[in-house]
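> test case, fold it:
(4 chains)
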2 protein chains.
Amino acid sequence: MNKGIEIDRLDKQILSILMRNAKMAYTEIAKKLFVSGGTIHVRMKKLEDVGIVKGYNLSVDHGKLGYDICAYLGIYLDKSSLYEEVAKELEKIPEVVEAHYTTGLYNIFARVFCKDTAHLKEVLHDKIQNIPGIQRTETFISLQESINRPLEIVSEDDDEEIGYHEAEER
Amino acid sequence: MNKGIEIDRLDKQILSILMRNAKMAYTEIAKKLFVSGGTIHVRMKKLEDVGIVKGYNLSVDHGKLGYDICAYLGIYLDKSSLYEEVAKELEKIPEVVEAHYTTGLYNIFARVFCKDTAHLKEVLHDKIQNIPGIQRTETFISLQESINRPLEIVSEDDDEEIGYHEAEER
DNA sequence: GTTGAAAAATTCCGCCG
DNA sequence: CGGCGGAATTTTTCAAC
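Coordinates of the predicted model:
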């Protein structure tokens, strides 16, 4: 039982390539995988239709755009049941780019981007701590991001001797 | 002093659009921003050259691909100085998609994707806990992701009355 | 920043195995 | 049906202004 969605090896290979470089042309992917460009097109349309592909994003260097601080916040709530309410308030804060309802020590896990420490203080003290239901927060500032990559979804038993290797970009 | 990189409002608007939908055609962005397609092309080339644009990613629904669990790990090291070594070992574990050197309670913050609880146990117990230098870990499983969006980089004083609004996709 | 034209990619559709 | 191939359309890309 597979949620009714059938994904074969070709689908996974296409996704795997595009997850690393979403700008690669369908014609080029087609050449790598020894199928026609039209096939890539049909497969991607299916993958978008069933919601496996959620979107296409640009990955940017936040530091170079003036957002020097990336921090994770562990948030304690007064009551776990306040989650929906608090999430809605967090959504209004543009610096919050991610929020998860989590198991473990904290009730909510959030990621924020700030320009500098003054900006972080403003976000924490004036915005987040003011949300009703939030008891306290713990802050983890990222000093270095050493890994940031897509999940490898092509399993070993799937890609036995695929002649795929990286080519030069564009 | 701005790191020597000059980014104007138009650059930010282009980035802002592409961060939400990296597949939008340059010609369409050009129409929205009332400039020519060539200008978008030149701006993007500059933004890629200076490293502000790091890449183009596909965003996928990991759950639908069989990876039901997304978890964050707080990792305690025996000594903070072991960071580089441990990071190198973490990089060998494909389930680890993100790792940060952080301030606060933990030394390293990592994000992992697993197929199910058995898979998570294997990753935690057989892979991560076996890395020399790691003292112990704390696991936060994401039960719901309620926010996941790009950072809004166009500041209010930048985009005063831009006639920009979302258009239908493709 | 713009224009315009060549090169390339996307997208669609009829056909085949 | 799933994949192929080709043709129409759109986009990218680049040089000259």
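> list phi and psi for A:Ala71.
Recorded main-chain torsions at A:Ala71 are phi -130, psi 150, according to degrees, to the nearest 10.
> is it in a bridge, and if so with what?
Note on A:Ala71: beta-bridge partners by DSSP bridges are A:Val112, A:Ile141.
> distance of it relative to B:Ala99?
Counting by Cβ to Cβ, to the nearest Å, the separation of A:Ala71 from B:Ala99 is 15 Å. (C-beta placed from N, C-alpha, C; glycine too.)
> please apply the same query to A:Leu151.
When Cβ to Cβ is applied, the distance between A:Leu151 and B:Ala99 equals 14 Å.
> and what of A:Ile153?
Using Cβ to Cβ, one obtains 19 Å as the distance from A:Ile153 to B:Ala99.
> number of nearby residues for the nearest residue in space to A:Leu143 that is not next to it in sequence?
In space, A:Leu143 comes closest to B:Tyr101 once its chain neighbours are excluded; the distance is 4.9 Å by Cβ to Cβ, 6 or more residues apart in numbering or on different chains. When neighbours are counted by other Cβ atoms under 10 Å in any protein chain shown, B:Tyr101 registers 20.
> can you check the one 5 residues further on too?
Per other Cβ under 10 Å, the neighbour tally for B:Tyr106 reads 23.
> wait, a helix at it?
No - counting by DSSP: H, G, I helix; E, B strand; the rest coil, one finds B:Tyr106 to be coil, located in no helix.
> what pLDDT does it get?
According to the model's per-residue confidence, B:Tyr106 sits at a pLDDT of 97.
> ok so, going back, list phi and psi for the residue nearest to A:Leu143.
For B:Tyr101, the backbone dihedrals are phi -90, psi 120 (criterion: degrees, to the nearest 10).
> so what sits opposite it in the bridge?
For B:Tyr101, the beta-bridge partners under DSSP bridges are A:Gln144, B:Ile108.
> which of A:Ala71 and B:Ala99 has more neighbours?
Residue environment comparison for A:Ala71 versus B:Ala99 gives the larger neighbour count to B:Ala99, 26 against 21, counting by other Cβ under 10 Å.
> how many neighbours does the nearest residue to that one once chain neighbours are set aside have?
Using Cβ to Cβ, 6+ apart and skipping residues adjacent in sequence, the residue nearest B:Ala99 is A:Ile147, 3.9 Å away. Here the number of neighbours of A:Ile147 (other Cβ under 10 Å) works out to 17.
> residues contacting the helix or strand hosting A:Gly55, please?
When elements are assigned from DSSP states H and E, A:Gly55 belongs to strand A:53-60. Contacts of strand A:53-60 with the rest of the structure, by Cβ atoms under 8 Å, 6 or more residues apart in numbering or on different chains, involve A:15, A:22, A:44, A:47, B:15, B:18-23, B:52-61, B:150, B:153.
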